[in-house]
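Novice: Sharing a sequence plus its predicted fold:
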Amino acid sequence: MAGNGNVNGEFSFGTTTTRIAGTGTARNGLAKIQTNKKTNGICHDDSTPPVKAQTIDELHSLQKKKSAPTTPIKGTQGSFATISEEELHKQQLQSISASLASLTRETGPNLVKGDPARKSETPKHVSHHHFTPAFNVSDSALKFTHVLYNLSPAELYEQAIKYEKGSFITATGALATLSGAKTGRAPRDKRVVRDETTEDELWWGKGSPNIEMDEHTFLVNRERAVDYLNSLDKVFVNDQFLNWDPENTIKVRIVSARAYHSLFMHNMCIRPTPEELENFGTPDFTIYNAGQFPCNRYTHYMTSSTSIDLNLARREMVILGTQYAGEMKKGLFSVMHYLMPKRQILSLHSGCNIGKDGDVALFFGLSGTGKTTLSTDHNRYLIGDDEHCWSDNGVSNIEGGCYAKCVDLSREKEPDIWNAIKFGTVLENVVFDEHTREVDYTDKSVTENTRASYPIEYIPNAKIPCVGPHPKNVILLACDAFGVLPPVSKLNLAQTMYHFISGYTALVAGTEEGVKEPQATFSACFGAAFIMLHPTKYAAMLAEKMQKHGATGWLVNTGWSGGRYGSGSRIKLPYTRKIIDAIHSGSLLKANFKKTSVFGLEIPTEIEGVPSEILDPVNTWSDKKAYNDTLLKLAGLFKKNFETFTSYKIGKDNKLTEEILAAGPNF
C-alpha cells in the first residue's frame with residue numbers, strides 16, 4: 001500500500017485496484033477518504049444558501065403553491081381573469097351561506113374557507129354579511145364553519161385518512177372507505193314532496209317508487225340536516241355539473257360532512273374548469289348530506305332513522321341516517337328523470353357506446369343481464385355506463401364517472417374496471433390485507449354490494465366529451481332463466497315500448513340447494529327505482545325518438561337455452577358477442593326473419609358465427625310440451641305485471657295504449 005501523503009493513494013483488494021482521493025491512514029491501515037473540492041470545477045458541488053424559513057411551519061408553507069382548488073377535466077389552467085380572488089371567494093361564501101341558511105333562525109352560518117386544523121390558514125377577514133335573525137340566534141351563528149370547497153382528490157385523501165375512521169390507501173392507490181351500517185340504497189326510506197305541482201305530474205300509487213311526504217315534514221328534516229352541518233367545524237362543498245350536453249347542463253351543489261362523500265361526488269359528477277367555476281352562480285339543485293345524523297323517527301311519515309327526501313319545488317335533497325354514497329348519485333338521477341322530460345329530453349338508465357363510424361347503441365338491462373360486459377367493447381368508445389339523456393342534439397352522459405360493482409372482480413373478466421382502481425378511485429366496503437393492502441374482491445364480509453367510483457377518463461376507450469349522435473340501435477337485455485326467449489329478436493316500435501315498460505329479466509331464485517325455479521323480475525323502464533313520471537311517458541318519448549331518428553329495437557336474451565335453469569345451459573358469451581357485433585355492423589338488419597308464437601317476436605334464421613339451431617328456442621328443447629308450458633307461464637307473468645300500467649291512457653283516443661298492449665304476448 002502506498003501512503004506517502006500524495007493526493008492520490010492506491011490500495012488493492014486481491015486483484016482489484018481502486019484509486020481514491022485521500023491523505024493519511026484510518027483504522028485497519030486503510031487510507032482516509034476525503035472529498036476535496038476541485039478548483040477546476042469537475043467536482044460537483046450541491047451546496048446552496050440555506051432556506052429563508054425560520055421555523056418548520058414556515059418551511060412547510062414554502063412547499064405549496066397557490067392554485068384554484070378545482071380539478072379541471074379539460075386542459076385549461078390559470079387564474080380567474082375577470083374577478084379578483086378575494087371577490088370570488090366572497091361571492092362563493094355568500095352563495096354557500098344562502099344554501100346552508102336555516103329557515104327559522106338565521107340567514108346562514110358564518111363561513112370561512114380552509115381547514116380549521118391548519119392554524120396558519122385562519123382567515124384574516126370574514127365575509128361581511130349581516131343578519132337579522134327571525135328568532136333567537138343559535139350558538140352555531142356565533143362560531144365559524146369552515147368550508148372545504150371543491151378540494152382535489154389528493155386533499156380529500158388527506159382529510160379522509162386524518163379524520164375518518166376506516167379510510168385506508170390500498171395497494172393500487174385507491175381510497176378504501178366504509179359507508180357505515182347502510183351498505184346499499186334504502187328505497188323504502190326515500191320520500192318525495194307531494195305538492196300542487198307534483199300531485200299531477202308524478203307517478204304515485206301502486207308500482208311507483210315515489211313515496212309521498214308533505215312540505216312541512218321536508219322542512220323539518222331539512223332543518224335537522226342544516227343544523228347538524230352548521231354545528232360542525234367544517235363542511236365539504238362540491239359545485240359540479242350533470243349532463244355533458246352543454247345546452248342542458250344542470251348545476252349541482254353537494255354539502256357533506258365526509259371527505260369520502262366529497263371525493264365520491266367529485267368522481268361521479270362532471271368536474272368544472274376554473275373558468276366554469278368562476279361563473280357557477282346559484283346551483284340548480286342542492287344536496288344536504290347529513291348522513292351520520294339520524295332523522296327523528298317521531299316525525300310524520302318517518303318509518304326508520306333513515307330518510308332520503310326530495311323536494312322538486314325547492315330543488316333540494318336531504319339525506320339523514322345513511323352514509324351510503326350511492327343515495328346521492330341515484331337521487332340526482334331521479335331529479336334528472338323529472339327535469340329532463342320537461343325539456344322534451346329523454347332520461348335513460350342505460351349503457352351507451354359508439355363505433356368508429358359514429359354508430360351509437362343504447363344498452364338496457366337489469367343486474368346480471370350483462371349490460372356492463374356487453375357495452376364495454378374494445379372496438380368501440382364508451383360514452384357512459386349507467387345514465388344518459390337523449391335530446392335533439394343526440395345522446396349525452398349525465399355523469400362524469402362510473403360506479404362499478406366489485407364483487408368477484410378479476411383482471412381477466414373486467415380488465416378496464418380492474419385497471420381503473422387506482423389513485424383517485426373510492427372503494428366502498430371492500431376487504432383488504434392488513435399488511436399488503438391488496439384488496440380481496442371475493443370477500444363479502446362487509447357486504448356483497450362492494451363498489452368502486454372513479455372518473456370516466458380512467459377507462460381507456462372513454463369518449464371525452466361524453467356525447468354522441470342519435471342512436472342507431474336500442475338493445476334490451478334480459479337474462480331469461482326460463483329458457484324460452486330467443487337469443488335475439490327484432491322489435492317494432494310498439495314491442496320496444498312494451499318490453500321497455502316491462503323491464504324483464506329472470507334469475508335463479510336464491511342460493512339454497514335444490515331451488516331451481518327461476519324468478520321473474522320486472523323493473524319499469526329498466527330502472528323503476530329512479531323514474532318519476534309514469535313509465536308510459538318515457539316509453540312514448542323513446543318510441544318517438546326512435547321513429548324520428550330511425551333507430552331499431554332489439555331484445556337480446558343472455559340467459560338459458562335448451563331448457564330452463566337446471567336442465568338447459570346458459571347461452572355462450574361468444575355467441576352473444578357475435579349477435580351484438582351483427583347489430584352494430586348493420587348486417588343483422590339484412591337477415592331473413594320469421595315470427596315466433598305467443599310473443600310474436602321477429603327472429604333471424606341465421607347469424608354468422610352463431611349456430612342456427614339456437615336462434616329459435618323451440619329447436620333446443622327436447623321436451624316440446626315442457627317448452628310450450630314454460631313459454632305460456634312466462635307470457636302469463638308478463639301479462640300480470642303489465643296490469644299495473646293498463647289503466648294509464650296515453651295518446652289520442654288511447655290508441656297508443658292499445659297498440660302497446662297488443663304488442664305483448666298473445667295467447
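Specialist: Received the coordinates, thanks. All values reported here derive from a predicted model rather than from experimental measurement.
Novice: tell me the secondary structure for Gly180?
Specialist: For Gly180, the assignment made with DSSP: H, G, I helix; E, B strand; the rest coil gives coil.
Novice: Test my guess that it contacts Gly321.
Specialist: No. Gly180 is beyond contact range of Gly321, at 9.6 Å (criterion: Cβ atoms under 8 Å). No exception for glycine: its C-beta is placed from N, CA and C like everyone else's.
Novice: Between those two, which contacts overlap?
Specialist: Counting by Cβ atoms under 8 Å, 6 or more residues apart in numbering, the shared contacts of Gly180 and Gly321 are Gly291.
Novice: Where does the prediction get shaky in the stretch 301-450 of the chain?
Specialist: Counting by pLDDT under 70, the stretch 301-450 of the chain contains no low-confidence residues.
Novice: Helices of that one, start to end?
Specialist: Assigned by DSSP state H, counting those that start in this stretch, the helices in the stretch 301-450 of the chain fall at 326-342, 371-375, 415-420.
Novice: Nearest approach to Phe482 belongs to which of those?
Specialist: helix 371-375 (19.6 Å; Cβ to Cβ).
Novice: Need the residues that contact that closest one.
Specialist: 350-353, 361, 363-365, 382, 385, 404-405, 414, 475, 477, 558, 573, 576-577, 580.
Novice: and with 7 Å instead?
Specialist: Contact with helix 371-375 is made by Gly351, Cys352, Asn353, Phe363, Gly365, Asp385, Leu477, Thr576, Ile580, as judged by Cβ atoms under 7 Å, 6 or more residues apart in numbering.
Novice: and Arg570, what is it in contact with?
Specialist: By Cβ under 7 Å, 6+ apart, the contact set of Arg570 is Gly559, Trp560.
Novice: rerun at 6 Å
Specialist: Arg570 is in contact with Trp560, counting by Cβ atoms under 6 Å, 6 or more residues apart in numbering.
Novice: And the closest residue to Val431 other than its chain neighbours, how close does it get to Asn429?
Specialist: Once flanking residues are discounted, Val431 sits nearest to Asp443: 3.8 Å by Cβ to Cβ, 6 or more residues apart in numbering. Using Cβ to Cβ, to the nearest Å, Asp443 is found at 10 Å from Asn429.
Novice: Could you do Thr299 as well?
Specialist: In terms of Cβ to Cβ, Thr299 sits 29 Å off from Asn429.
Novice: Looking at the two, which has the bigger crowd around it?
Specialist: Taking other Cβ atoms under 10 Å, Thr299 and Asn429 do not tie; Asn429 has more neighbours (22 against 15).
Novice: Was I right to think the more buried one contacts Thr183?
Specialist: Yes. Applying Cβ atoms under 6 Å, one finds Asn429 in contact with Thr183, separated by 5.2 Å.
Novice: and for those two, which residues touch both?
Specialist: Thr447.
Novice: burial of Ser612, as a residue count?
Specialist: 11.
Novice: swap that for Glu659, please
Specialist: The number of residues packed near Glu659 is 18, by other Cβ under 10 Å.
Novice: ok, it - contacts?
Specialist: Listed by Cβ under 6 Å, 6+ apart, the contact partners of Glu659 are Ala494.
Novice: What is the neighbour count of Thr605?
Specialist: Look at Thr605: counted by other Cβ under 10 Å, it has 11 neighbours.
Novice: I'd like to know how far it sits from Gly562.
Specialist: When distance is defined by Cβ to Cβ, Thr605 is 18 Å away from Gly562.
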